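1. what shape does this take:
(one chain, ligands or ions: 2)
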Amino acid sequence: MLLKATAEVAAGYLYVKVFEQVMHQYVLHGSGKSKESVWSFHFHDHHKAATKYGMIDPAYFEPWFYNSSRSKEVGSLVGAVALHLPLAKKYPFFVATVALGAANYYHKHKKSHTVPEWAWENMQNHVKHHLLDQDAYWGVTSGWVDKLVGTAPKVSQEELDQLWRFYMGRCNAAKKKLDESAQERYAEHKKEFFNSLEAMTRKWYSILK
Ligand SMILES: [Zn+2]
Ligand SMILES: [Zn+2]
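-> Numbering: from 1, shown residues only. Ligands and ions are numbered 1, 2, ... in the order given. Here you go, the predicted structure:
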């Protein structure tokens, strides 16, 4: 039993990393390069913002259900886990590892685009994908599959330092404006929410009256 569980967790871990790589390379970039594709949010919205603001994507400052790119990301992750559920009866630990992998992806990807300093420390492969070469470094939560298949070109420390200075400059220059507009959007969403709550209460009240 313990051996089976360990094997399932190990297989699940490897599977998640390969799945992440393949989806990112062939679906998000492959199909997503066309503006008409449902996957276009990654290449056309997310990449654009991350380049402009040195890894920050302002979409992550809004609740996910108010932002279409983020809703699509959440939807794809939930869908990917759901796709594996039929295997849960036979391989529960494998499916649990896939679900944890999806949650881990969401958390790390979001943090890498809200706290760029953290991303440079902990998610360098993804930073390189966004800021150095968007046709390489496909692994998001780790870079070992790229190293294995040869899609992680070597970069010198000097080049990385230059990249850091350039993009952190961009990010710091935009930070104040981004914080302000995030607060404005938050206030708007709050107003929208209370307005719809009020309308709903009024409707119920008129039905019950
Ligand atoms: Zn990408
Ligand atoms: Zn990203």
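2. now for the helix or strand that contains Lys4, which elements pack on it?
-> Assigned by DSSP states H and E, Lys4 belongs to helix 2-22. When contacts are defined as 3 or more Cβ pairs under 8 Å, 6 or more residues apart in numbering; DSSP states H and E, helix 2-22 packs onto helix 92-112, helix 144-149. C-beta coordinates here come from the backbone N, C-alpha and C atoms, glycine included.
3. just give me how far the longest helix along the chain sits from the chain centre.
-> Ranked by residue count and defined by DSSP state H, the top helix of the chain is helix 157-208. Centroid separation for helix 157-208 versus its chain: 17 Å, with Cα atoms, centre = their mean, to the nearest Å.
4. give me the nearest residue to His44, chain neighbours excluded.
-> Lys35 (6.1 Å; Cβ to Cβ, 6 or more residues apart in numbering).
5. residues contacting the residue nearest the centre of the chain?
-> Nearest to the geometric centre of the chain sits His109, at 4.0 Å (Cα atoms, centre = their mean). With contact taken as Cβ atoms under 8 Å, 6 or more residues apart in numbering, His109 is in contact with Glu73, His126, Val140, Thr141.
6. any chance of these in CSV, with secondary structure, distance to Lys90 and neighbour count too?
-> Shown next, in CSV, are the contacts of His109 (DSSP: H, G, I helix; E, B strand; the rest coil; distance: Cβ to Cβ, whole Å; neighbours: other Cβ atoms under 10 Å):
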residue, secondary structure, distance to Lys90, neighbour count
Glu73, helix, 29, 22
His126, helix, 33, 24
Val140, coil, 28, 21
Thr141, coil, 26, 20
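7. tell me what angle the helix holding Lys4 forms with helix 92-112.
-> Put simply, helix 2-22 runs at 40 degrees to helix 92-112, going by axes from the mean of the first three to the mean of the last three Cα atoms, to 10 degrees.
8. could you give the average pLDDT over helix 2-22?
-> For helix 2-22, mean pLDDT rounds to 96.
9. what kind of secondary structure is Glu36 in?
-> Put simply, Glu36 is coil when judged by DSSP: H, G, I helix; E, B strand; the rest coil.
10. for Glu117, what are its contacts?
-> By Cβ under 8 Å, 6+ apart, the residues touching Glu117 are Met168.
11. is it in a helix, a strand, or coil?
-> For Glu117, the assignment made with three-state DSSP gives helix.
12. what distance do you get for it to Asp179?
-> To Asp179, Glu117 is 15 Å away according to Cβ to Cβ, to the nearest Å.
13. try Ser142
-> Distance of Ser142 to Asp179, computed by Cβ to Cβ: 30 Å.
14. neighbour count winner among the two?
-> Applying other Cβ atoms under 10 Å to Ser142 and Asp179 shows that Ser142 carries more neighbours, namely 17 against 12.
15. return the residues in contact with that one.
-> Contacts for Ser142 (Cβ under 8 Å, 6+ apart) come out as Lys17, Asn125.
16. same check on His84?
-> So His84 contacts Phe94, Val95, Val98, Ala99 (Cβ under 8 Å, 6+ apart).
17. go through the helix or strand containing it and flag the buried ones.
-> In the assignment (DSSP H and E), His84 maps to helix 68-84. For helix 68-84, the neighbour count (16 or more other Cβ atoms under 10 Å) marks Ser69, Arg70, Lys72, Glu73, Ser76, Leu77, Ala80, Val81, His84 as buried.
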